[in-house]
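S.K.: sequence unknown, structure follows:
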């Protein structure tokens, strides 16, 4: 029997089933495992994916991967970059540099092919299972073919090469992608905007020495009417994306001879046509910004592309999925372990839909610039591009608006706080400022619990009596760079959620305020005193 297959109905029930073993599904499984909750992952493929796919990983995602214990391998293999350049015709008209400094723990972005992303997460799953056998039961060549909501959980039918079997769980997390079977079986639809622009995606092996940066060519002389993007990846793999003309037949575009002719023409134009190159993977992509109305339906929760679709511009797809996993894992684990009220899972949907709309607003502007929806937009884009070289203010219109960490401004989990002149407010992710040489704020966080970040002496008593909810107090010097960045003085305290977002902050904390804030963050109904 192939490893990870089952061929008969399973007795009992699992705490969590995860539909889909891509990066988001694996991140959910690892996040649950860090908090002592096991899961079964149902994956249709028989190995990690092919092609670069989601190849740009943001600083925020690196912080999440750090909490999952896998970031070292990502940083070792990935290519860091900060700069993007845009050309109109054959002239450079815009250049952007993402904020970075020597004190930053992670770069703004790294490029790494998705097959490496999946393999590194899979290796960490294997490491978890070596320490605690069976924690994450990963089942290849398996797909969910029926879903039934029950009064106390979910029942599914799983199909694999050995046949069909039934399994039950308290919770089902759907991470089964843009064509989600779970979503379709419930009759749910993604709603939003589907853009007309289509892009061919081609990975090529090319021994180029060009720097790691995002390059975009608008209406180049060698490919009039199109836009071309180019990204460097590890192992001399280069990602080339180019826009298809309206009405152009996708099957014809993807013929090997057509791809070779287009790419060779592009390489000739940028001075690299003399280098030997080989195509290694191709695909077609259509942009869209769509979401479910809710990411929770009873005992079924949606994450990643099963919950929403994002355009590639600004690299919000997989990065949004990692944020979903980070938000969901601690909340679902707290609910399962009896440390949170049921409404905490509703807050997952509320916060991540808020994040979708923030991301979609930026993505829409980027996508309409990259793929104008009608002639009026084309004229506006042509005007902006033609004037950008001489007018820096207009050049900013070309900014692709890269993904960034989302501030949950309307989160029900944020508690009343004191006024500050600096630092992350409630609902915002922590700024990863240095505490001392080689140590950053996020290094102090308890990834499987709440953290009370105290500036000055560590008031352990404030975190001791948090009831069933784990909370750890940590200290940072009131004279540290982090204290200055956080507007902190002696006695200041920040209460931080397990996913690195601020719950509350006080000039001077006391046990009652800390306990009340934790109860609110876990959506626990407290008895009146």
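M.R.: That came in fine, so what should we check first? The shown structure was predicted, so the numbers you read here are calculated from the model rather than taken from an experiment. Residues are numbered from 1 along each chain as shown.
S.K.: where does the chain have low pLDDT?
M.R.: Judged by pLDDT under 70, the chain has its weakly predicted residues at 1-8, 196, 313-314, 363-385, 387-403, 458-468, 526-529.
S.K.: The stretch 251-400 of the chain: helices as residue ranges?
M.R.: Listed from the start of the chain, the stretch 251-400 of the chain has helices (DSSP state H, counting those that start in this stretch) covering 256-269, 317-336, 343-370, 375-388, 392-395.
S.K.: List of residues touching the first one?
M.R.: It stands for helix 256-269. 90, 200, 202, 204, 206, 220-223, 228, 240, 242, 252-253, 273, 275, 277, 279, 282 (CB atoms under 8 Å, 6 or more residues apart in numbering). C-beta: built from backbone N, CA, C; applies to glycine.
S.K.: Narrow those residues to those in strands?
M.R.: Helix and strand membership here follows DSSP state E; of the contacts of helix 256-269, those in strands are 200, 202, 204, 228, 240, 242, 279, 282.
S.K.: What subset of these is buried?
M.R.: Neighbour-count burial within those applies to 200, 202, 204, 228, 240, 242, 282; the criterion is 16 or more other CB atoms under 10 Å.
S.K.: Which of these lies at the shortest distance from residue 15?
M.R.: Within those, the smallest distance to residue 15 is 40.2 Å, found for residue 282 (CB to CB).
S.K.: measure the closest residue to that closest one other than its chain neighbours to residue 286 for me?
M.R.: Ranked by CB to CB, 6 or more residues apart in numbering and with sequence neighbours excluded, the top spatial neighbour of residue 282 is residue 202, at 5.2 Å. Residue 202 is 16 Å from residue 286, where distance means CB to CB, to the nearest Å.
S.K.: Same check on residue 270?
M.R.: Note on residue 270: its distance to residue 286, by CB to CB, is 26 Å.
S.K.: Repeat that for residue 304.
M.R.: Note on residue 304: its distance to residue 286, by CB to CB, is 18 Å.
S.K.: if I look at the residue nearest to the spatial centre of the chain, how far off is residue 359?
M.R.: In the chain, the centroid-proximal residue (CA atoms, centre = their mean) is residue 319; its distance is 2.2 Å. With distances defined as CB to CB, the gap from residue 319 to residue 359 amounts to 9 Å.
S.K.: Same question for residue 177.
M.R.: As judged by CB to CB, residue 177 and residue 359 stand 18 Å apart.
S.K.: Please say which of these two ends up with more neighbours.
M.R.: Neighbours per residue, other CB atoms under 10 Å: of residue 177 and residue 359, the larger number sits with residue 359, 25 against 18.
S.K.: Would you mind confirming that the more buried one is in contact with residue 321?
M.R.: No: using CB atoms under 8 Å, residue 359 is not in contact with residue 321, being 11.4 Å away.
S.K.: For the stretch 401-529 of the chain, just list every one of the helices.
M.R.: Counting by DSSP H, counting those that start in this stretch, the stretch 401-529 of the chain forms helices over residues 461-464, 481-485, 511-521, given from the N-terminal end onward.
S.K.: what's near enough to touch the closest residue to residue 242 other than its chain neighbours?
M.R.: Taking CB to CB, 6+ apart as the measure, residue 242 lies nearest to residue 228, with 4.6 Å between them; neighbours along the chain are not counted. Applying CB under 8 Å, 6+ apart, we find residue 228 in contact with 216-217, 220, 240-243, 266.
S.K.: Show me which pair in those residues is furthest apart.
M.R.: When CB to CB is used, the two most widely separated members of the contacts of residue 228 are 220 and 241, lying 13.5 Å apart.
S.K.: Now do the phi/psi pair for residue 316.
M.R.: For residue 316, the backbone dihedrals (degrees, to the nearest 10) come out as phi -100, psi -10.
S.K.: any idea how far the spatially closest residue to it that is not a sequence neighbour lies from residue 175?
M.R.: In this structure, residue 316 finds its nearest non-sequential neighbour in residue 310, 4.2 Å apart by CB to CB, 6+ apart. Taking CB to CB as the criterion, residue 310 is separated from residue 175 by 15 Å.
S.K.: and for stretch 502-510, what are the contacting residues?
M.R.: Contact partners of stretch 502-510, identified using CB under 8 Å, 6+ apart, comprise 413-418, 420, 423-430, 450, 452, 454, 459, 462, 489, 491-497, 513, 517-518, 520-521.
S.K.: Give the buried subset of the residues you listed as a ChimeraX selection command.
M.R.: What follows is the ChimeraX syntax selecting those of these that are buried according to 16+ other CB under 10 Å:
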select :413,414,415,417,420,423,424,426,427,428,429,430,450,452,454,459,462,492,493,494,495,496,497,513,517,518,520,521
